[in-house]
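Colleague: Have a look; sequence and predicted model below, questions after that.
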Amino acid sequence: MHQYKKGEYRDQFVIAYLTDLDDNKDVILWAEKFSNMLKKGLILLYICDKKYTDISTEKAQEKLKQINDSISLSYIHSYAVLNGKTKDIIHNLGDLLNGVMIVSKVDTQTKEKKNPISINNITNNFYSSRLAYLLFSKPFQDTPFTDVILSMNALKEAKEKILWASYFGRFSSSRIVIFYHRYKDTYLQKQLNLNIGFARKMFRKFNIQTLNAHSLNTRTNEDVQAMSYAKQNSSSLCIFQTTKNKSIIEFFTGLPEKKAMKRLQNTPILFLNPRDDLFIMCE
């Protein structure tokens, strides 16, 4: 474990969720990028879950130690091998490892049940996460976070999403694209207006540049539309919230976050679950 200067990096960690002990370069590079931006430590995580792997904890620890020793970073980084159910461990990473976010690859093509990074397994295992989690599907490219899309809706938990967007404006000089569509319901529209107003107020406070992107399509989920916007405008990142209350409608039409994941190409997604016990960075 590398040491770091006192006060330079706080004892909070970006967690690189490794599901392949050999092919993991892109996950680590993405995690390093966020560690650098947020000035947080880095932890390589492997979960020995019998549902997905038969690798022993000893073998995983040996491999992670080798990977960790090969990382040349000036700040604290380490590794952890945890044994148990993936969903339960991910839910508790804030307590177990003092994490602030998770980075994971998602395989948008496979439907294999034993693949922990299939869209279905990522959705199921991360649904109760109390940390923000970044998902990507393409090989890592070290490009700046120039335009970050903040998809806005009427959820009262939008403040956490807005706070995360502000980190990019503050720490990476990103322009925040506020993407939304209007509601026919007057109450929901009022809540949306309040959320947008709060976002603009916070961004003005930190002198963060913004851009409004208003869609006229009120039928398609705003996150799904934001993915199309991101592709057309070569945006750096999308920030979404997952579905708070699953309904019978989503059972037939599919969850919006799954639809967004299926559109993952060059624009990664930072997801937040709308929870009352989210772990938020101490900034």
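Modeller: Great, that's in hand. Numbering: from 1, shown residues only.
Colleague: Where do the helices of the stretch 101-250 of the chain begin and end?
Modeller: Residue ranges of the helices in the stretch 101-250 of the chain, as given by DSSP state H, counting those that start in this stretch, are 119-126, 158-172, 186-205, 222-233, 248-253.
Colleague: Quick one: mean pLDDT over the shortest one.
Modeller: Translated: helix 248-253. Helix 248-253 shows a mean pLDDT of 52.
Colleague: and if you look at the first one?
Modeller: Helix 119-126 shows a mean pLDDT of 95 in the predicted model.
Colleague: want to throw the helices of the stretch 101-250 of the chain into JSON lines with mean neighbour count?
Modeller: C-beta here means a position set from N, CA and C on the backbone, and glycine is covered the same way. What follows is the helices of the stretch 101-250 of the chain, written out as JSON lines (neighbours: other C-beta atoms under 10 Å):
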{"stretch": "helix 119-126", "mean neighbour count": "21"}
{"stretch": "helix 158-172", "mean neighbour count": "20"}
{"stretch": "helix 186-205", "mean neighbour count": "15"}
{"stretch": "helix 222-233", "mean neighbour count": "19"}
{"stretch": "helix 248-253", "mean neighbour count": "9"}
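Colleague: Out of the ones you listed, which is closest to Lys87?
Modeller: helix 119-126 (4.6 Å; C-beta to C-beta).
Colleague: Contacts for that closest one, please.
Modeller: 52, 86-87, 90, 102, 104, 106-108, 111, 113, 115-116, 133, 135, 255, 257-258, 261-262, 271, 273 (C-beta atoms under 8 Å, 6 or more residues apart in numbering).
Colleague: and with 6 Å instead?
Modeller: Residues from elsewhere that reach helix 119-126, judged by C-beta atoms under 6 Å, 6 or more residues apart in numbering: 86-87, 90, 106, 133, 258, 261.
Colleague: With stretch 79-98 instead?
Modeller: With C-beta under 6 Å, 6+ apart as the criterion, stretch 79-98 contacts 12-13, 43-49, 57, 60-61, 64, 68, 99, 125-126, 128-131, 279.
Colleague: ok, and the closest non-adjacent residue to Lys111?
Modeller: Nearest residue to Lys111, sequence neighbours excluded (C-beta to C-beta, 6 or more residues apart in numbering): Ser118, at 6.1 Å.
Colleague: quick one: low-confidence parts of the chain?
Modeller: 1-10, 245-253, 277-283 (pLDDT under 70).
Colleague: Give the residue farthest from the middle of it.
Modeller: Thr186 (30.8 Å; C-alpha atoms, centre = their mean).
Colleague: Quick check: that one vs Ala154, distance?
Modeller: 11 Å (C-beta to C-beta, to the nearest Å).
Colleague: Please consider this matter closed, and thank you.
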